[in-house]
Structures are given as structure tokens and as C-alpha cells.
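Q: any chance you can model this:
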Amino acid sequence: MITVERVRKSFAETTILDGIDLQVREGEVLVLLGPSGAGKSLLLYLIAGLVKPESGRIELGSRRIGMLFQKNALFDSMSVGENLAFPLKELTPLRKEEIEERVRGNLAAFGLAQWYPAPVNALSGGMQKRLALARALIANPDIILCDSPTAGLDPITARQMTDLMAKECAKLNRATIIASHDIPRSLSLAHRVALLSEGRITFSGTPDEFLRGHHPAIDLFLNRDWKEPFPKENPNDRHHIS
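A: Residues are numbered from 1 along each chain as shown. Now for the predicted structure:
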């Protein structure tokens, strides 16, 4: 369980988050949406403990966190295999042989087996995203935080990344928060959607409620006239937004 209560964070004289309340249950995937600059990444950093709030409370217990950063945050000075081994060396008592076995197994599962000794800059953008996700998950975290997992990817690679995340989230069944601008793909992963705007969570509900409900904050975010009914659902393209 992730519990965020009345969390506030400012920089200089600008308030970014102004009393955030949020809960994510074990096994739930929450997609965090909002305009650029709303503070989605900042909220993930606060939950991860990378930034401290000015006030409020964040409760995670003594849980282990895995985080996929927007720009991957891979170590350029390490090989692909060394990047994946790093959290196991830091967070687990596994022996060297056990770490190598797990690293090779995870690289194979993420389609990167042949790249074990390669430098990170030898990988394409999509492959680096897969490696960053594998690293976030390899130590079997209790909480998963993903910041813009499809940012910068072409549509085909973004779909592949989304499918991979869907499989991994279902397998691990962890409390997961995904901050994203990619509305159609991120909603395909979500159990619940939270909309962050003007420093607060202005909406929380199911993906269907987000897409089809009449809520001023959602209509402003999607740039639509809330007085007009949302178009009838196309079963072949449920999450398409024109």
C-alpha cells in the first residue's frame, strides 16, 4: 500500500504540489496523468524518497521500491549486464554466481540476452527502455514507479513496451504508479486513473470513468467541451482519443 496524505512541495516561491492525497493498493496499477509541469515526476520522486516534502506524510512501510526513470538513468560506465546486476549487488545477499544467473535469465526474458557484455550506448532507445525496466524489477520490489515509460519511442516500440509492462505488472502483482502523457497506452494498463492539475488530484476513477465521464478537470485536460456527449465507444479502439 502506498499512502500519500496532504503532501506539499514548492520550489522558490512556486508551489508545485499543494496537498496531495493518494492511495494505491497492493496489486493495483494507478496511471497518473496531467499536463506538462503539473508535478507527476516530482510526485514519483517524493514517493521514492529522492525528494523530501515540505509537509504531509508518505507511508510505504519498509518496502523495496523499483523505479523506471523517464530518461532511463542507466550507468554509461557499466555494461548491460553490470547495469542489471547493480541492484542485486546493493540490495540482496545473493552470491556472484546467483547474481549472474538471474541477470542472464532476466536479459533473456526482456529480449536482451545477446547484449550482456555490450556497453549501454550500443542499445537502441527501445532496448534501453527495456533494460531500465528490467533493472527496476530484478530485485523483486514491493512498489513499482514508472516515469513516462513510452516517452521518445516510436509507436511500434511504444506498443511493445506497453505489452511488456502489462505482462510484468500482472506477474508481479505489486502496487504500481505509472506517470505518463501516452493516454491510450497507459490506460490499457490502468486499474485506476488519477489526474494531477493545479497542484492537486482533481480526479480519481476507472479508465472508463476518465474517458466517458463529464468532469470539468478531465474535459479541460482533454480539451473537449464537457457539455457534448463523448462519442460512442468503438469496441475495436476503446482508448482512442482524437
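Q: check contacts around the closest residue to Asp182 other than its chain neighbours.
A: Residue nearest to Asp182 in three dimensions, not counting chain neighbours: Thr150, with 4.7 Å by C-beta to C-beta, 6 or more residues apart in numbering. Using the backbone N, CA and C atoms, a C-beta is placed for each residue, glycine as well. Each residue near Thr150 by C-beta atoms under 8 Å, 6 or more residues apart in numbering is listed here: Lys129, Ala158, Met161, Thr162, Ser180, Asp182, Arg185, Ser186.
Q: can we see that at 7 Å?
A: Thr150 sits next to Ala158, Met161, Thr162, Ser180, Asp182, Arg185 when contact means C-beta atoms under 7 Å, 6 or more residues apart in numbering.
Q: let me see the ranges of the strands in this structure.
A: In chain order, the chain shows strands spanning 2-11, 14-24, 29-33, 55-59, 65-68, 143-147, 175-179, 192-197, 200-205, with DSSP state E as the criterion.
Q: dump those to CSV, plus mean neighbour count.
A: Shown next, in CSV, are the strands of the chain (neighbours: other C-beta atoms under 10 Å):
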stretch, mean neighbour count
strand 2-11, 16
strand 14-24, 17
strand 29-33, 24
strand 55-59, 13
strand 65-68, 22
strand 143-147, 23
strand 175-179, 26
strand 192-197, 22
strand 200-205, 17
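Q: how about these, which one is nearest Arg104?
A: For the strands of the chain, the distance to Arg104 is smallest for strand 65-68, at 19.1 Å, taking C-beta to C-beta.
Q: residue nearest the centroid of this protein?
A: For the chain, Cys146 is the residue whose C-alpha lies nearest the centre (C-alpha atoms, centre = their mean; 1.9 Å).
Q: going by neighbour count, list what's buried in whichever helix in the chain runs longest.
A: Looking across the chain with DSSP state H, the single longest helix is helix 155-172. Judged by neighbour count (16 or more other C-beta atoms under 10 Å), helix 155-172 contains these buried residues: Thr157, Ala158, Gln160, Met161, Thr162, Leu164, Met165, Glu168, Cys169, Leu172.
Q: is it true that the second one touches Ser186?
A: No - when contacts are counted by C-beta atoms under 7 Å, Ala158 is not listed as touching Ser186 (10.2 Å).
Q: could I get the strands of the chain as JSON lines with mean pLDDT and distance to Phe75?
A: Written out in JSON lines, the entries for the strands of the chain read as follows (pLDDT from 0 to 100; distance: least, C-beta to C-beta, whole Å):
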{"stretch": "strand 2-11", "mean pLDDT": "94", "distance to Phe75": "27"}
{"stretch": "strand 14-24", "mean pLDDT": "93", "distance to Phe75": "29"}
{"stretch": "strand 29-33", "mean pLDDT": "94", "distance to Phe75": "27"}
{"stretch": "strand 55-59", "mean pLDDT": "94", "distance to Phe75": "27"}
{"stretch": "strand 65-68", "mean pLDDT": "92", "distance to Phe75": "14"}
{"stretch": "strand 143-147", "mean pLDDT": "93", "distance to Phe75": "18"}
{"stretch": "strand 175-179", "mean pLDDT": "94", "distance to Phe75": "23"}
{"stretch": "strand 192-197", "mean pLDDT": "94", "distance to Phe75": "30"}
{"stretch": "strand 200-205", "mean pLDDT": "92", "distance to Phe75": "34"}
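Q: sweet, I'm off.
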